[in-house]
Structures are given as C-alpha cells and as structure tokens.
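Asker: Dropping the sequence and predicted coords here.
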Amino acid sequence: MLDDEPSDFRIEEVTPELALSGAIRLLQANRLDDAERIFSVLLENYPDIPEILHFYGILAHRRGRDDLAVESIEKAIAIAPTYADAYNNLGNIYNKAGKPEKAVDAYRRAIELNPGNVAAHNNLGTVLKDLERFEEAAERFAKAIELMPDNAELYHNFGNVFRKQGKFGEAAQAYRRAINLRPYRSDDYENLCHVLYLQGLVEEALPTIRQWLEHDPTNPLALHRLHSYAGTDVPARASDDYVRMTFDSFADSFDYVLKGLDYRAPGLVKEAVAALYDRDRVDLEVLDAGCGTGLCGEFLRPYARRLTGVDLSVKMLEKAHARRQYDDLIESELTAYIGRHTDRFDLIVSADTLVYFGDLSAVFERVGRALRRGGYFIFTVERNDERPSEGYKINLHGRYSHTEDYLQRELESAGLSLRRGEQQMLRYEAGVPVEGFLIVAARS
C-alpha cells in the first residue's frame, strides 16, 4: 500500500486496521496527501475509532491545522479516556501552538495513565524548562533517565536544565554522559565546552574539543573554540561558517538573551547617531553592517532615505525582516558586500559585529571607499589593554578585542579620521562586565 497506493482506494477491500497501518506509514514517510486520502475514507466509514481520530489529529497538525488537530484528538480521548499516547500528542500540539500550560496538563495526564511513558516525561520536562520551572523539569528528566538510562537525548536535555539553573558542574556531567552514549553530535560538545568555560576550566575543555574534531574534523564551532582556548593558529577573523552557524542557532533567543546581559551596543550607536544628525532628516543612505535581528533598524529608520541591512545569518535576517524597518536585507559577509560599493553610503553602523574580526584593515579600507565624503562610520568593538603585538587578540569567549592605538592607526590608513572614541561597558559575559570602545569615524 505504501509504495503504490491506488487513487481509487476502496475501504471495503481491506480491514480498517490494515488501512490505518498504511495511512500511518504514509504519514511517517511525509506523504501527507496520500495519508489524508485514506484518513478521509476511514473517518467517513469509522468515525468513532479512537486510533483513527488520534492519528488524523497528528496529520492535521503536520498540515498546520492545529484547531482541527486538537478537535480530532479530543474526540479520541472522549471515546477512550485512558488513551495515554493521545494525551502525549495533544501536549505536543498545544506546545507547538504556544499554549504551554495546556501542554503541561496533557503531559501530566499521559503520565498518570502510563507512568512508564518516557516520551511524556521528556516532553513535560522540556515544556517546564521553557516555562523556567527548572526544578520540576529536572525531576521529569531524572525520571525519564531512570526509565531509559541509555538515551543520550535525555542527558542532553537534563544538562540544558542544569545550565539554565547555573549548575554548571551538573550540566557538564550530563553532557559528558550524552557524549559517551552518542559521540558524534556536535551540540553536546559545544554545550560541554561552554559550561566548562563558564567554570573557568578551559584547559579541561581542550581534550573535549580534540575528541569533537576526531568525529567532525571541519566543524567550524570546534575549530573556533580550539583557536580561542589554545591561542594557537589564530585566524585573522572568525570564519563565515562559524558566524553563520552560531547566529542561525541563536536567532530565536537572541533578543531575549541579550536583555539579560545588559547589552548596550545598539543603544550606544543610537546615541552616537542622534548626536550627529537631526532626527527629522530622512535623506541618508544607511548601511547596518551585521544587522542581526535588526535591533538598530528602528532608530536608524528616521534618518534613512534607504536603509540596508547585511548579515551572514539567514535566520537573523528573517527576524530583521519581521521588524519591517529595512528597505533591503542582504545575505552576505559584510566586508565583501561593502567592497562592492564606492561613494554610496552616508552612514555605516556596525554594533557588536566587528568583535568577530581580528584584523580590521580590510573592513576599514572598504568602508573608506564605500562612504561618501563627509560620511560617518559608527561601530563598537571590545577593548584590549594587554597591548598584543598585532593590536588585537582572540579571547576565551571567542570574540576579538582591540587596542585603541590599533584602531586609530588602521582608521587613518583607510582614510578615515577618528572623531570620537569612548571607552564603554558593552555587555556582561558570565557576570563580568565586557569593556569596549564606541568609535565614530568620518571619511575625510
């Protein structure tokens, strides 16, 4: 039935059990049209079989019809009140639909009916974590692990709860266990390295990174962590793949997380722009270089005849698009994009993006050509007081910091004059203030 389901399928030719089995296999194979055709015939002939209603609800959810999905599964539960799997899937649908409290109730009922339902314990733990009910979430994951002690995903989720609680030692143990069970998944290595860093155990993280690279030799995250932790073979800038992977994975939580870090870079850029221009002026050609989720877009819009954002991360650009502030959003590495323009922009801003560059000479040189005469370049970078010979260094958190002398020298080499340079606190990192510079330069 799965390989060549006839278009003139007749329910009387097979038992309902066999037809349902075929429909489920089609659903699992993502052949949703074929599955829906069979479910429609089944529901017409057998409208009160709970299993048919349950799986039709799953199909409706896959189709994006969550109201119909909930209605169908609730019908199944009304007919079979002890249908634990139906409650579990109802919880999944409520969670995806942004109704976490209803999801919690459904998962709890699934567990009451079947205390050994590992999926329900895991799903309940996940939604409780998202609700920041961390102790309850940890209890659910612990119970799931008790029931299925060799499941790596459960340890991964357990570690995530501990990390949210600031219990980094416990998180590290959970991630190590996940790696032992599943030594090929990058997320577990990345998470383990991060919690070791937060504990100041960078040396302990190095063997983990090398093990990670044995399984995934070209992984950009692993390579960048190796450079920043070991301080050897440091690239002149973070690779495009590293930036893209980091911010694609970070896009959904980016704005929320940064609020907790007292993130100040966009606000500093906003103040610098306001000091240069009359807010009623709307005739500037403006580039937001490394626009991310578009945090700068709202305050740049009043000054811009045309506002362009450029970023490597597609997912960050999707968030920026939703703000509806930009005329153009371009997926590109910012140096390459700026280099395609001469005498185009009146204003280029870059908030907390050049921290992923060590050598800034190419960026500054291209900015100098892309700006019109009298145009301004406003950006933030992290401050380095150690005076490294290159004028910059990579730090343990993976971002670069620069000396004041280096910035002034490279700006001058690019034909840009430093108009304003201020030391500012940019954010917190692991509870410690990160000091930086707010720079305003102009094309002479």
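Answerer: Looks like it came in fine. Residues are numbered from 1 along each chain as shown.

Asker: And residue 436, its phi and psi?
Answerer: phi -150, psi -170 (degrees, to the nearest 10).

Asker: My understanding was that it contacts residue 422; is that so?
Answerer: No - counting by C-beta atoms under 8 Å, residue 436 sits too far from residue 422 to count as a contact (9.4 Å). (Each C-beta comes from the backbone N, C-alpha and C, glycine too.)

Asker: In terms of packing, which of the two has more residues around it?
Answerer: Set side by side, residue 436 and residue 422 show more neighbours around residue 436, with 25 against 12, by other C-beta atoms under 10 Å.

Asker: Give me the pLDDT for that one.
Answerer: Here, the pLDDT recorded for residue 436 equals 97.

Asker: Just grab the bridge partners of it for me.
Answerer: Assessed by DSSP bridges, residue 436 has beta-bridge partners residue 382, residue 424.

Asker: which residues sit in contact with it?
Answerer: Counting by C-beta atoms under 8 Å, 6 or more residues apart in numbering, residue 436 touches 265, 355, 380, 381, 382, 383, 401, 423, 424, 425, 426.

Asker: Narrow the residues you listed to those that are buried.
Answerer: Listed as buried from those are 265, 355, 380, 381, 382, 383, 401, 426; burial here means 16 or more other C-beta atoms under 10 Å.

Asker: out of the residues you listed, who's nearest residue 155?
Answerer: residue 355 (32.6 Å; C-beta to C-beta).

Asker: which SS state does residue 434 fall under?
Answerer: Secondary structure state of residue 434, per DSSP: H, G, I helix; E, B strand; the rest coil, is strand.

Asker: ditto for residue 308
Answerer: Classification of residue 308 using three-state DSSP returns strand.

Asker: Over to the one 10 residues further on?
Answerer: Reducing the assignment at residue 318 to three states with three-state DSSP gives helix.

Asker: Can you get me a residue count around it?
Answerer: Number of residues near residue 318 (other C-beta under 10 Å) recorded here: 15.

Asker: Skipping its backbone neighbours, what lies nearest it in space?
Answerer: Of all residues not flanking residue 318 in the chain, residue 251 sits nearest, at 7.2 Å (C-beta to C-beta, 6 or more residues apart in numbering).

Asker: Residue 159 is in what secondary structure piece?
Answerer: Taking DSSP states H and E as the definition, residue 159 sits inside helix 152-165.

Asker: and residue 141, how far is that from residue 225?
Answerer: 26 Å (C-beta to C-beta, to the nearest Å).

Asker: Next: residue 403.
Answerer: On the measure of C-beta to C-beta, residue 403 and residue 225 end up 24 Å apart.

Asker: and these two? which has more neighbours close in?
Answerer: residue 225 (26 against 19).

Asker: Roughly how far does that one sit from residue 168?
Answerer: Distance of residue 225 to residue 168, given as C-beta to C-beta: 16 Å.

Asker: In JSON lines, list the buried ones among the contacts of residue 436 along with distance to residue 418.
Answerer: As requested, these are exported to JSON lines (distance: C-beta to C-beta, whole Å):
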{"residue": "265", "distance to residue 418": "18"}
{"residue": "355", "distance to residue 418": "19"}
{"residue": "380", "distance to residue 418": "14"}
{"residue": "381", "distance to residue 418": "13"}
{"residue": "382", "distance to residue 418": "17"}
{"residue": "383", "distance to residue 418": "15"}
{"residue": "401", "distance to residue 418": "18"}
{"residue": "426", "distance to residue 418": "19"}
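
Asker: which parts of stretch 300-313 are buried?
Answerer: For stretch 300-313, burial by neighbour count (16+ other C-beta under 10 Å) applies to 300, 301, 302, 303, 304, 307, 308, 309, 310, 311, 312, 313.
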